[in-house]
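Peer 1: give me coordinates for this.
(one chain, ligands or ions: 1)
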Amino acid sequence: MLAVIFFMAWHSMGKQRFALFFFASFAISAVMWAINLAKPIFGQVSFYWSLVTSLSMIAVLLGTWGHKLRANTRLSPYVFIGLFIIGFSGTFYFSAIDRHAGLMMSWYLYVDVISLLLSSWIIYRHRVKPRPAEIGAAVIHLIFAICLAVAASIALAQGRQFDPELIALYSIVNFTALPAAYVGMSVFVLYMLASDLAEDMKSLAMTDPLTLCLNRRGFFEQAQQQIYQYHQRNQHVCLIYWDIDKFKSINDNYGHSAGDTVLITTTRRVQRHIKRHDLIGRLGGEEFVILIARAEYRDAVNVAERLRVLLAKRPVKSGKVKIPVTASFGVVDIPPSSPELENAINLADKAVYLAKEQGRNQVVFSQA
Ligand SMILES: Nc1nc2c(ncn2[C@@H]2O[C@H](COP(=O)(O)OP(=O)(O)OP(=O)(O)O)[C@@H](O)[C@H]2O)c(=O)[nH]1
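Peer 2: Just a heads-up that it's a prediction; the model follows:
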């Protein structure tokens, strides 16, 4: 059932490759349990045991590999292959060559434990600030690893000979804690996939599809928060509003797709010039805004002048043609006494209007 759910999740949640690994992991677990039921058919215990324990390790390692892919963690496949080889050879040795009940039953479980701990670590370390779903998934992987380690240690305590009392205890852990932890783990992984999807949707709803910078909604949401934070740190916050000059004639003269190229290239150039934490948004058409904070007010306003020169000095290439581009800039200081973004945008818009009236390709400053 879990395998089917994960297959459906892979299919309907953007066909991410790692979701396919989660599906494979649960599908192999299902096969393993089916083989468990068919145990009497297998004549040789060592063959049956090697098969079942291999499937268990493959299932858990595939899950960890899925988490590695999702989090883009740099972890060599040799770690996984090595863990499997150690798990398989140990289990085979202690079941078929030199029979040791404790090691035969626990060896592969310790490999599963290591793999689950790896998953927990990968999930938790994926983001600087893990999301609630990730914290939940990391914790449940840890709980599952602890339950398995307890089961493995009980099995190991038997020593060379099977011990009915310890096997009874082992079965209690195996049939109570483990299924609950297993189901809990799958629910949290599903929750994590759904939370990834929700975050992607949110980010899409806030991104301008052409220039890939924030759209009006995204900019308003993030900029207002940042303004308060900058003010708390006593930094000067400025808003730069810029509008490409005579953009309509660029569209008319070179075509709409060349106009799009101008929008994309100019945004990219501006993005490269400002700092990584400066926010850039497209308010609509050929109108953009940047929220910047610098130690000095003059540093902040100088950025606009540098951007104006940057755009004017290099035409934008679209196919074989070179399109000269200039822009008009309006800059406003956002003081702590008037931190409203809406207000700042209106003032900066007026400053741009003035820059256009004064002949375009210039920067106009305005105080709030
Ligand atoms: N290629 C392209 N054009 C767009 C897009 N969005 C808006 N436009 C065009 O941008 C043009 C904006 O023109 P105006 O508002 O008259 O401004 P302008 O021609 O830049 O004139 P000034 O701002 O006064 O210098 C319009 O022709 C819109 O059709 C877009 O995504 N792609």
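
Peer 1: packing partners for the host helix or strand of residue 237?
Peer 2: Counting by DSSP states H and E, the element that carries residue 237 is strand 236-244. Judged by 3 or more Cβ pairs under 8 Å, 6 or more residues apart in numbering; DSSP states H and E, strand 236-244 is in contact with helix 216-232, helix 256-273, strand 287-294, helix 297-313, strand 327-334, helix 341-357. Using the backbone N, CA and C atoms, a C-beta is placed for each residue, glycine as well.

Peer 1: may I ask you to name the longest helix in the chain?
Peer 2: In the chain, assigned by DSSP state H, the helix with the most residues is helix 177-205.

Peer 1: correct me if wrong: residue 251 contacts residue 261.
Peer 2: No. Using Cβ atoms under 8 Å, residue 251 is not in contact with residue 261, being 11.1 Å away.

Peer 1: out of the helices and strands packed on strand 236-244, the one nearest the ligand is which?
Peer 2: helix 256-273 (2.7 Å; Cβ to the nearest ligand atom).

Peer 1: hmm, the helix or strand just after the closest one in reach of the ligand?
Peer 2: Counting by DSSP H and E, the element after helix 256-273 in chain order, helix or strand, is strand 279-284. No. Using Cβ under 6 Å from any ligand atom, strand 279-284 never reaches the ligand; the gap is at least 7.0 Å.

Peer 1: how far does stretch 7-17 stretch from one end to the other?
Peer 2: Between the opening and closing residues of stretch 7-17 there is a gap of 11 Å (Cα to Cα, to the nearest Å).

Peer 1: contacts for that stretch?
Peer 2: Applying Cβ atoms under 8 Å, 6 or more residues apart in numbering, the external contacts of stretch 7-17 come out as 19-20, 22-23, 27, 69-70, 190, 193-194, 196-197, 200.

Peer 1: how about that stretch: buried residues?
Peer 2: Using 16 or more other Cβ atoms under 10 Å as the test for burial, stretch 7-17 gives 7, 9-10, 16.

Peer 1: which residues touch the residue nearest to residue 147 when sequence neighbours are not counted?
Peer 2: Nearest non-adjacent residue to residue 147, counting by Cβ to Cβ, 6 or more residues apart in numbering: residue 177, 4.4 Å away. By Cβ under 8 Å, 6+ apart, the contact list for residue 177 reads 147, 150-151.

Peer 1: report pLDDT for residue 204.
Peer 2: Per-residue pLDDT puts residue 204 at 92.

Peer 1: re earlier: out of the contacts of stretch 7-17, which are buried?
Peer 2: The buried subset of these (16+ other Cβ under 10 Å) comprises 19-20, 22-23, 27, 69-70, 190, 193, 196.

Peer 1: enumerate the residues of the stretch 151-300 of the chain near the ligand.
Peer 2: Within reach of the ligand by Cβ under 6 Å from any ligand atom, the stretch 151-300 of the chain has these residues: 210, 243-248, 251, 256, 259-260, 263, 285-286.

Peer 1: go again using 5 Å as the cut-off
Peer 2: When proximity is defined by Cβ under 5 Å from any ligand atom, the stretch 151-300 of the chain lies next to the ligand at 245-248, 251, 256, 259-260, 285.

Peer 1: most neighbours, which of these?
Peer 2: For those, the largest neighbour count, defined by other Cβ atoms under 10 Å, is 23 neighbours, found at residue 259.

Peer 1: so it touches residue 250, yeah?
Peer 2: Yes. The criterion here is Cβ under 8 Å, and residue 259 meets it with residue 250 at 5.3 Å.

Peer 1: surely residue 235 touches residue 292?
Peer 2: No. Look at residue 235 against residue 292 with Cβ under 8 Å: they stay out of range, at 9.7 Å.

Peer 1: out of those two, which sits in the busier spot?
Peer 2: residue 292 (24 against 16).

Peer 1: show the pLDDT at that one.
Peer 2: 92.

Peer 1: before we move on, what about residue 223?
Peer 2: 95.

Peer 1: list the residues that contact residue 96.
Peer 2: Contact analysis of residue 96 by Cβ under 8 Å, 6+ apart lists 46, 50.

Peer 1: one step back: got CSV for the buried residues of stretch 7-17, with secondary structure, distance to residue 230 and pLDDT too?
Peer 2: Conversion of the buried residues of stretch 7-17 to CSV gives the following (DSSP: H, G, I helix; E, B strand; the rest coil; distance: Cβ to Cβ, whole Å; pLDDT from 0 to 100):
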residue, secondary structure, distance to residue 230, pLDDT
7, helix, 47, 94
9, helix, 40, 90
10, helix, 42, 91
16, coil, 36, 88
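
Peer 1: pLDDT weak spots in the stretch 201-350 of the chain?
Peer 2: Along the stretch 201-350 of the chain, the model assigns pLDDT under 70 to residues 295.

Peer 1: related to what we said a few turns ago, who does the strand holding residue 237 pair up with?
Peer 2: strand 287-294 (antiparallel), strand 327-334 (antiparallel) (DSSP bridges).

Peer 1: just these: most buried one?
Peer 2: strand 327-334 (a mean of 25; mean count of other Cβ atoms under 10 Å).

Peer 1: on that earlier part again, buried deepest among the helices and strands packed on strand 236-244, which one?
Peer 2: strand 327-334 (a mean of 25).

Peer 1: any idea how far that strand is from the chain center?
Peer 2: 34 Å (Cα atoms, centre = their mean, to the nearest Å).

Peer 1: likewise stretch 341-348?
Peer 2: Counting by Cα atoms, centre = their mean, stretch 341-348 comes out at 33 Å from the chain centroid.
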